[in-house]
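Undergrad: fold the following.
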Amino acid sequence: MRRFRRFLFNSLVLLIAGYWLLLGGQAHAQLEDFQALGQRIVDLVRGHFYDAKRADAWASLHSEYGARVDSLVAFAALTKQALSELKTSHTDFYTPLDPEYYGLLSIFHEVLGVKPVEFEGIGVDFTPEHFVRVVFAGGPGDRVGLRRGDKVLMADGKDFDPVLSFQGKVSRPVILTVEKKAGELPVNLAVTPRKLDPKKEWLEAQQLGSRLIEREGKKIAYVPMFSCAGEEYFEALQESVSEKYHEAVALILDFRDGWGGCDPQFLNLFNPLPPVQTYIDPTGKTRTVNQQWRKPLYLLINKGTRSGKEVVAFAVKTHKLGTLIGETTAGAVMGGRCFLLPGKYLLYIAELDDLIDGQRLEGRGVPPDFEVATDLRYADGSDPQLEKALLLSSK
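TA: Predicted structure coming up:
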């Protein structure tokens, strides 16, 4: 019996030792993975960043940086901090824990050779502090009454996260604890997440959010454009202004926040030179083709207006095609390239410098014609920048 007990004891010791050796091996493998991933990022920056001299200096400073971390969260934070030292837009690192990851993957999925991405969400864009920045028209958040400036505190009784709080909960109600006004008791809202390709969600929000607003007896067209990254957004805008809003006296185009991607040809919509054509058939029936916007244009911009949207804003201001209202844009206009890394992480690198009509917008941005500051926090849906545009357009 004593010999049997000793056998059991020795077996248990060996089992425990093997277990800890296995855990140690997994941790060691994970450390090696982060080290290899960090080296891959360093190599890509060295090989593709637009300024080779700066890239070499940066790479020398951050060689083997991945060996210093033991978790994805720590690795992502260290990588983002390191890339921020390049002080250049379109240069960042994203994991599936970042809301921006799904938008970027949706924009570049064809180039990266991956299937269209689907993201579990409620049709709301949040600030890092979890204030509601944009509510997409027609989405779940819109339907339950989330408004610009609301702060989401919790989801199903746990700390809120714009990604994790909705994962695996498609078509299942999630109870959000929402602070509408600072210091007041929060309210609970039941919202049901859905799964959707971000690019499709942005297009749907643009189409459903476009509308006529009446002020002082005048009708003003309003079109929100969260993204320009694809021909479908421009085509939807062109359809709206050429077919739906003939009676509008002005157009307010909302370029605030979201993604850029606007092609410079976007500006052709506001070129007044193409003639208006009227076709008359044998019965005398007429059809008029006028695809240009020839009336006043007001462009809403802010610190989140970036990339191709800034190029359009710059041209609108320079050539006096319209009036810019809001805040100076982000100053983020480099030519970026997206890389898919092991683990399906994304690395964004500024591969091309970009001068606009010979001028540098990177780090400077485009100032508005009418400066209108706004505080998003607890805004209760108010929008001073849009109100200013409506006031000017209704005069």
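Undergrad: okay, CA-based contacts and neighbour counts for the rest of this
TA: Will do.
Undergrad: secondary structure class for the residue most central in space within the chain?
TA: By C-alpha atoms, centre = their mean, the chain has its centre lying nearest to Gly258, at 4.1 Å. What DSSP: H, G, I helix; E, B strand; the rest coil gives for Gly258 is coil.
Undergrad: not counting its neighbours along the chain, what's nearest it?
TA: Excluding its sequence neighbours, the residue lying closest to Gly258 (C-alpha to C-alpha, 6 or more residues apart in numbering) is Phe226, at 4.7 Å.
Undergrad: how close does that neighbour get to Pro275?
TA: Using C-alpha to C-alpha, to the nearest Å, Phe226 is found at 30 Å from Pro275.
Undergrad: these two: which is more packed in?
TA: Neighbour count, other C-alpha atoms under 10 Å: between Phe226 and Pro275, Phe226 has more, with 25 against 10.
Undergrad: quick one on the thing from earlier: give me the distance between the residue nearest to the centre of the chain and Asp92.
TA: Separation of Gly258 from Asp92 (C-alpha to C-alpha): 16 Å.
Undergrad: hmm, back to that, how far away is the residue nearest to the centre of the chain from Lys388?
TA: For Gly258 relative to Lys388 (C-alpha to C-alpha), the value is 21 Å.
Undergrad: and if you look at Ala332?
TA: Counting by C-alpha to C-alpha, the gap from Ala332 to Lys388 is 25 Å.
Undergrad: hang on, the earlier thing: wait, the residue nearest to Gly258 sits on Gln206?
TA: Yes: at 7.3 Å, Phe226 and Gln206 qualify as touching, with contact defined as C-alpha atoms under 8 Å.
Undergrad: give me the beta-bridge partners of Phe370?
TA: Using DSSP bridges, the bridge partners assigned to Phe370 are Ile325.
Undergrad: could you pull up the residues touching it?
TA: Taking C-alpha atoms under 8 Å, 6 or more residues apart in numbering, we find Phe370 in contact with 323-326.
Undergrad: what is the nearest of these to Thr79?
TA: Gly326 (32.6 Å; C-alpha to C-alpha).
Undergrad: state the number of residues packed around that closest one.
TA: Gly326 has 24 nearby residues by other C-alpha under 10 Å.
Undergrad: these two touch, right, it and Tyr298?
TA: No: using C-alpha under 8 Å, Gly326 is not in contact with Tyr298; the gap is 10.4 Å.
Undergrad: quick one, helices of the chain?
TA: 2-48, 52-61, 72-84, 99-112, 140-144, 198-209, 231-239, 308-318, 384-393 (DSSP state H).
Undergrad: could you measure Glu387 against Ile122, distance?
TA: Applying C-alpha to C-alpha to Glu387 and Ile122 gives a distance of 26 Å.
Undergrad: who has more neighbours, those two?
TA: Ile122 (24 against 12).
Undergrad: contacting residues around the more buried one?
TA: Per C-alpha under 8 Å, 6+ apart, neighbours of Ile122: 139-141, 191-194.
Undergrad: contact partners for Thr127?
TA: Arg133.
Undergrad: can you report how many residues neighbour the nearest residue in space to Lys181 that is not next to it in sequence?
TA: Closest residue to Lys181 apart from its sequence neighbours, by C-alpha to C-alpha, 6+ apart: Tyr378 at 5.3 Å. Using other C-alpha under 10 Å, Tyr378 has 18 neighbouring residues.
Undergrad: so Tyr378 touches Lys180, yeah?
TA: Yes: counting by C-alpha under 8 Å, Lys180 is a contact partner of Tyr378 at 6.0 Å.
Undergrad: identify the contacts common to the two.
TA: Applying C-alpha under 8 Å, 6+ apart, one finds that Tyr378 and Lys180 are jointly contacted by 149-151.
Undergrad: and these as CSV, adding pLDDT and distance to Phe131?
TA: As requested, these are exported to CSV (pLDDT from 0 to 100; distance: C-alpha to C-alpha, whole Å):
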residue, pLDDT, distance to Phe131
Gly149, 97, 6
Asp150, 97, 6
Lys151, 97, 4
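Undergrad: nearest to Asp353, of those?
TA: Nearest to Asp353 among those, with distances taken as C-alpha to C-alpha, is Gly149, at 35.2 Å.
Undergrad: so what's the closest one up against?
TA: Gly149 touches 131-133, 180, 376-381, counting by C-alpha under 8 Å, 6+ apart.
Undergrad: swap the cut-off to 7 Å and go again
TA: 131-133, 376-381 (C-alpha atoms under 7 Å, 6 or more residues apart in numbering).
Undergrad: and if you look at Gly365?
TA: Contacts of Gly365 by C-alpha under 7 Å, 6+ apart are 328-331.
Undergrad: may I see these arranged in a markdown table, with pLDDT, neighbour count and distance to Ala250 as well?
TA: As requested, the contacts of Gly365 are exported to a markdown table (pLDDT from 0 to 100; neighbours: other C-alpha atoms under 10 Å; distance: C-alpha to C-alpha, whole Å):
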| residue | pLDDT | neighbour count | distance to Ala250 |
| --- | --- | --- | --- |
| Thr328 | 98 | 22 | 22 |
| Thr329 | 98 | 27 | 23 |
| Ala330 | 98 | 23 | 26 |
| Gly331 | 97 | 23 | 27 |
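Undergrad: now for Glu351, how many residues are close by?
TA: 20.
Undergrad: and if you look at Val45?
TA: Neighbours of Val45 under the rule other C-alpha under 10 Å: 25.
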